[in-house]
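Student: Predicted model, plus sequence, below.
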Amino acid sequence: QVQLVESGGGLVQAGGSLRISCGASGRSFSTYTMGWFRQAPGKEREFVAGISWIGSVIYYADSVKGRFIISRDNAKNTVYLQMNSLKPEDTAIYYCAASVLPGRSAGSYEYWGRGTQVTVSS
């Protein structure tokens with residue numbers, strides 16, 4: 001079992017930056033692929049970024065590529081999402097998730113946090 005807790009969300013102006021974090025507890029955090037997803041009101045949950053267990057493979061949704069950076073610190077059992085050049089359309093609840101296999105599909109992730117709200121004002 002892995003328990004995930006997101007933090008760091010908030011309100012930011014368009015063009016600004018924000019870093020959100022996801023702390024994990026439980027066993028074997030370092031063996032999991034970690035992903036960030038988001039869900040805006042009235043929309044389906046969508047993939048944002050993923051990082052392999054050792055951080056050697058990183059992938060992003062096209063909508064955030066070049067603006068967001070995912071990273072992890074296995075010694076701290078934490079994964080981060082640095083969000084730059086934020087746009088109002090980035091407004092959503094951001095969730096972190098853990099999977100034994102890499103992927104972009106929410107269905108492939110076994111463990112989920114409760115999310116943190118990110119709001120970007122225009």
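Tutor: Arrived safely.

Student: What is the neighbour count of Ala106?
Tutor: Neighbour count of Ala106, defined by other CB atoms under 10 Å: 17. Quick note: C-beta positions are derived from backbone N, CA and C, even for glycine.

Student: which non-adjacent residue is nearest it?
Tutor: On the basis of CB to CB, 6 or more residues apart in numbering, the spatially nearest residue to Ala106 that is not a chain neighbour turns out to be Arg45, at 5.4 Å.

Student: which residues does the most centrally placed residue in the chain contact?
Tutor: Centre of the chain computed as the mean C-alpha position; nearest residue by CA atoms, centre = their mean is Trp36, 2.4 Å away. Trp36 makes contact with 20, 22, 47-50, 70, 79, 81, 94-97, according to CB atoms under 8 Å, 6 or more residues apart in numbering.

Student: Between those residues, which sits nearest Thr31?
Tutor: Proximity of those to Thr31, judged by CB to CB, is greatest for Val79, which lies at 13.3 Å.

Student: With just CA atoms, put the helix or strand hosting that closest one into CSV.
Tutor: Here Val79, judged by DSSP states H and E, is contained in strand 78-83. C-alpha atoms of strand 78-83 as CSV (Å, rounded to 0.1, in the frame of the first residue of the first chain):
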residue,chain,number,x,y,z
THR,A,78,8.3,12.9,-2.7
VAL,A,79,7.5,13.8,-6.2
TYR,A,80,7.2,17.4,-7.4
LEU,A,81,5.6,19.3,-10.3
GLN,A,82,7.1,22.7,-11.1
MET,A,83,4.6,24.6,-13.1
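
Student: Can you list the neighbours in contact with that strand?
Tutor: Looking at what lies outside strand 78-83 - CB under 8 Å, 6+ apart - the contacts are 17-24, 34, 36, 48-49, 51, 64, 67-73, 90, 94, 96, 118.
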